[in-house]
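Q: Give me a model of this one.
(chains A, B, C and D)
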2 protein chains.
Amino acid sequence: MDIPSHPNNPATIEDVARLAGVSIATVSRVVNGKSPVVPATAQRVMDAVRELNYVPRAAARILASKRTNTLGLIVPEISGEFFAPMLRGIEAAAGEAGFDLLIHTTAYKKPEMRRHTLGEHNTDGLLVFIGSVQLAELTRLHSIGFPVVFLHQTAPEGLNIPVVTVENKKGAALAVEHLIETHECRRILYLSGPEGNEDSSWRERGYRLALEKHDIPFDPALVAPGYYSTKRAAQTMRELLESGLTFDGIFSGDDMAAVGALSALREAGLRVPEDIKMVGFDDIPLARHLTPPLTTIHAPTEEVGRIATDLLVRLIRHETVEMEILLPTELTIRQSCGCKIV
Amino acid sequence: MDIPSHPNNPATIEDVARLAGVSIATVSRVVNGKSPVVPATAQRVMDAVRELNYVPRAAARILASKRTNTLGLIVPEISGEFFAPMLRGIEAAAGEAGFDLLIHTTAYKKPEMRRHTLGEHNTDGLLVFIGSVQLAELTRLHSIGFPVVFLHQTAPEGLNIPVVTVENKKGAALAVEHLIETHECRRILYLSGPEGNEDSSWRERGYRLALEKHDIPFDPALVAPGYYSTKRAAQTMRELLESGLTFDGIFSGDDMAAVGALSALREAGLRVPEDIKMVGFDDIPLARHLTPPLTTIHAPTEEVGRIATDLLVRLIRHETVEMEILLPTELTIRQSCGCKIV
DNA sequence: TTGTACGCGTTATCAG
DNA sequence: CTGATAACGCGTACAA
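A: Model (predicted):
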């Protein structure tokens, strides 16, 4: 009896117009702050809005304006530690630009459910993380001029889609060189990412480059799959250890795999860094809290998200954008490599 | 010249109707599979759909049907390790029920940006994680009969909103009793969650209950804030250690804080479990990979997400639902408590 | 500066 | 089983 709320009939623009004694066009104007309105009437409208608790129906807005004001994000899965910072960057940038975010993860869904859930009918543009959208769908989107930006993946042949990623090769080389130069490692294991993962193949090139530079022959036996997964990397390490393979250093393709490797090494009674030196990649928030604290290549993951989002927004606004942005990586020394922290 | 795609004019229901030689009503029927249509004409429609690459505009659908087919999820932040499993459960359940998911995180946004982004105008129901929505907004939603389900938080006084959570108190008691009975701890530190966090206060009750049961007096000095944050828990531990407080066991309110505590303890030269025994809560995927592997209370986090989503969907369909679901927790013994693993 | 009227693409209702 | 046609709520030329 106190608050004039209309339980099952949310106020519409017409209700507001009536209460304020103006036309719906005027209401629309003050709500969207577009064309000028006399302050006095604007105030009346705002009062009416407040009193009726009016919130514009998003659907009607989209239908009328042909814009969704929503960005789509497609990722394989929200892989805990790595993804959180990136999402933070994306959300922040999207919010600041006035866009909502529709997130779609492909890994949890059956293949037949993955089609068409995000596209031109419900978003103004798409952020696509490495390996999560079919080529056919991408080609279609591209052919209708739909804005797309890639995260950590360069565009397929023929599609000129902007990409934002990090200096994978350089970072990897940095990591491996540190192991070689400072800690005198000679047999360095590389824990790769999933099959065909682009980040991983760049990181492997960096690994090989560093080897070459120091005249260490490349040994294929020293490349093993870590899958960017703690669990699977641990499994791989167990098998490797059992096989009798010898190595004095590990460059893990990402920090999550490093966690698994650390775990398997400990189980086997091997000490890091005394027996085996290790360097990771990404610098997830957890890295500094591992035992030992993980020396790793810092990647500006939050920045990647933020910048990619900015790019997408500019694409949507028909501004010109860079086609490729490479963010710098750098070596962050902690203890797993054998360096002493004072 | 080969594929009949209309670059900038996505096909509408009318285009399909025209090509198939039927009315738009029939197209709608076929697309939505509602009322029966003669197989022959249905086939013609489907062919037309495929040929024109027709996808119904979500906005138009929502506007006409008054249903969004979207679930809203509001969380403070996507806190890496803990949240990933819950999200997996939510996404799976939402997908199976045919709903999209709109995710909104409050922690990354300025307070004034947090209002009204998710509500009755763009979702059919809301999943609200502990402490992320203002009471006023909740009251409003409740007053208009909008479906809401709480995750890890009971409803405020007067709002009968269903809640799904885990056996916090029982789990906490289990953890502390293990420390007391099996490992003879007498001075057990409790690392609490954020101020006012409901999970945390239940866990503290479990902690106290276990103490009481074994005639150990409660010492307020042994309750310190871990904030459910690795970083902040580490900071707290450093301060505690410096202050000279003594304790022989730690019950960490959640595993993320346990990671931080472990880290600070190591820095200080203290060994776990030799010098200090530790038990966590949640059993995040990482727990088994810590050094030492973390003994913790397993909480079925993915199940919580799944069940809460089911509940919400049933609420939306006007079915009756349980008002409170408590999922069981259990002690998962690894090594941080001092147990020897064979 | 403000109001009128139309269009956005679907769903739902009601005849046929 | 199928076809007209009226909502759905808002943005926006265009007119006043």
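Q: pLDDT below threshold where in chain A?
A: Within chain A, the stretches with pLDDT under 70 are A:1-8, A:79, A:108-116, A:131-132, A:341-342.
Q: Domain map for it?
A: Under the assignment automatic domain parsing, the domains of chain A span A:13-54, A:68-165+A:302-325, A:168-299.
Q: most tightly surrounded among the ones you listed?
A: Ranked by mean neighbour count, the domains of chain A are led by domain A:168-299 with a mean of 21 (mean count of other C-beta atoms under 10 Å in any protein chain shown). No exception for glycine: its C-beta is placed from N, CA and C like everyone else's.
Q: For the nearest residue to A:Glu167 once chain neighbours are set aside, give its distance to chain B.
A: Nearest residue to A:Glu167, sequence neighbours excluded (C-beta to C-beta, 6 or more residues apart in numbering or on different chains): A:Thr329, at 4.7 Å. From A:Thr329 across to chain B, the span is 21 Å (C-beta to the nearest C-beta, to the nearest Å).
Q: right, and A:Thr329 touches A:Asn168 too?
A: Yes: contact status for A:Thr329 versus A:Asn168: in contact at 7.4 Å, counting by C-beta atoms under 8 Å.
Q: Now the residue nearest to A:Pro194 when sequence neighbours are not counted: which helix or strand?
A: Nearest non-adjacent residue to A:Pro194, counting by C-beta to C-beta, 6+ apart: A:Tyr227, 5.3 Å away. A:Tyr227 belongs to no helix or strand when assigned by DSSP states H and E.
Q: OK, contacts around A:Tyr227?
A: A:Gly193, A:Pro194, A:Ala233, A:Thr236, A:Ala257 (C-beta atoms under 8 Å, 6 or more residues apart in numbering or on different chains).
Q: Which single one of those residues is nearest to chain B?
A: For those, the minimum distance to chain B (C-beta to the nearest C-beta) is 9.5 Å, reached by A:Ala233.
Q: For that closest one, give me its contacts.
A: Taking C-beta under 8 Å, 6+ apart, we find A:Ala233 in contact with A:Leu191, A:Gly226, A:Tyr227, A:Ser252, A:Met256, A:Ala257, A:Ala258, A:Val259, A:Gly260, A:Ala261, A:Ala264.
Q: Recalculate using a threshold of 7 Å.
A: Applying C-beta atoms under 7 Å, 6 or more residues apart in numbering or on different chains to A:Ala233 gives the contacts A:Leu191, A:Gly226, A:Tyr227, A:Ala257, A:Gly260, A:Ala261.
Q: Which single one of those is nearest to DNA strand D?
A: Of all the contacts of A:Ala233, A:Tyr227 has the smallest distance to DNA strand D: 46.8 Å, by C-beta to the nearest atom of the strand.
Q: quick one: A:Ala264 from DNA strand C, how far?
A: According to C-beta to the nearest atom of the strand, to the nearest Å, A:Ala264 stands 52 Å off from DNA strand C.
Q: now do A:Thr139
A: As for A:Thr139, its distance to DNA strand C is 22 Å (criterion: C-beta to the nearest atom of the strand).
Q: does that residue sit in a helix, a strand or a coil?
A: helix (DSSP: H, G, I helix; E, B strand; the rest coil).
Q: Which strands or helices does the helix or strand A:Phe251 falls within pack on?
A: Secondary structure from DSSP H and E places A:Phe251 in strand A:249-252. Packing partners of strand A:249-252 (3 or more C-beta pairs under 7 Å, 6 or more residues apart in numbering or on different chains; DSSP states H and E): helix A:168-177, strand A:188-192, helix A:255-267, strand A:277-282.
Q: Redo these as JSON lines? Include distance to A:Ser35.
A: Below are the helices and strands packed on strand A:249-252 laid out as JSON lines (distance: least, C-beta to C-beta, whole Å):
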{"stretch": "helix A:168-177", "distance to A:Ser35": "49"}
{"stretch": "strand A:188-192", "distance to A:Ser35": "57"}
{"stretch": "helix A:255-267", "distance to A:Ser35": "52"}
{"stretch": "strand A:277-282", "distance to A:Ser35": "48"}
